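> Got a predicted model here, sequence first, then my questions.
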Amino acid sequence: MLLVKPTINLRKEYMDYYNEWKNTGEASIPWLVETVPPHDFEYMIKTLNEFENGLHIPIKWLPSNSTYWAVDESNKIISVVNIRHKLTQKLFDFGGHIGYGICPSQRGKGLSKEVFNLSLKKANDLGIDEVLAVCHDNNIASRRTLISCGGLEDSYRIDENKNVLRRFWFIKGGNEFDSFERQIQS
Ligand SMILES: CC(C)(COP(=O)(O)OP(=O)(O)OC[C@H]1O[C@@H](n2cnc3c(N)ncnc32)[C@H](O)[C@@H]1OP(=O)(O)O)[C@@H](O)C(=O)NCCC(=O)NCCS
């Protein structure tokens, strides 16, 4: 599996991924998939490129962010990954640097760890040395993935809908935690 940038060359594969997820009725994660839908494919690719450069982002609190597609050896898209380049207060509390989802038909096969580790490497390559990932307390598969990828748990948060959000840090070059409760970097 590898992460590739969104490309027009994988239009059919992306539409398969998008429609499969859509047909389940499940909310898209990362929700950027719905914020920038593929109805005009070239426009979607252009827009995602702009987001990477911090341009024309329609959501006030969202910083520049990079989207990747995790593809297998047959070019099937297994996952869409969105990496936020820095944390706003909202992301620090509830979202983290990495948002991703595994397409429904590919779940339960142990692929999330591979996708998450590739995403972590990308985040490091983008210069993020301390990566935060957040999951809902009741999202057991997500939580187990973060734990088995070596996440160090920080304090939890409760959002406006009373959901408990568990927060895990991944420190580049070792998992030495100098102070447990991280502060948002300005
Ligand atoms: C969360 C998600 C990425 C997990 O992917 P997955 O392919 O289902 O998970 P995997 O098969 O790789 O399993 C990961 C771990 O969760 C466990 N797991 C998987 N499905 C589970 C389930 N239904 N109940 C309990 N544990 C489960 C696995 O045993 C494994 O744990 P282990 O590493 O301790 O053995 C996937 O369910 C998903 O895309 N959900 C919707 C979007 C989302 O929640 N994204 C993450 C938040 S940013």
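Yes, it's here.
> Output the below-cut-off pLDDT ranges for the chain.
For the chain, applying pLDDT under 70 flags the ranges 175-186.
> Near the ligand, which residues of it are found?
29, 99-102, 107-113, 135, 139-142, 144-145, 148 (C-beta under 6 Å from any ligand atom). Any C-beta I mention is one placed from the backbone N, CA and C, and that applies to glycine too.
> What distance do you get for the most centrally placed residue in the chain to I83?
Computing the C-alpha centroid of the chain and ranking residues by C-alpha atoms, centre = their mean puts G99 first, at 1.8 Å. G99 sits 8 Å away from I83, taking C-beta to C-beta, to the nearest Å as the criterion.
> One more: L3?
L3 is 10 Å from I83, by C-beta to C-beta.
> Run a quick neighbour tally on W31.
W31 has 14 neighbours, counted by other C-beta atoms under 10 Å.
> Chain neighbours aside, what residue packs nearest to it?
Distances taken as C-beta to C-beta, 6 or more residues apart in numbering place G99 nearest to W31, at 7.5 Å, with adjacent residues excluded.
> Helix, strand, or coil at the one you found?
strand (DSSP: H, G, I helix; E, B strand; the rest coil).
> I128 too?
Looking at I128 with three-state DSSP, the answer is coil.
> ok, it - how many residues close by?
20.
> Would you report which members of the residues of the chain next to the ligand are assigned to helices?
Among those, DSSP state H puts 111-113, 140-142, 144-145, 148 in helices.
> Pick out the most distant pair among those.
L111 and I140 (16.0 Å; C-beta to C-beta).
> Mind checking which of those two has more residues around it?
L111 (18 against 10).
> wait, the more buried one sits on V71?
No: with contact defined as C-beta atoms under 8 Å, L111 does not reach V71; the gap is 11.7 Å.
> got any residues that touch both of the two?
Common neighbours of L111 and V71 are listed as 1, 78 (criterion: C-beta atoms under 8 Å, 6 or more residues apart in numbering).
> V164 contacts Y156, doesn't it?
Yes: with contact defined as C-beta under 8 Å, V164 counts as touching Y156 (5.6 Å).
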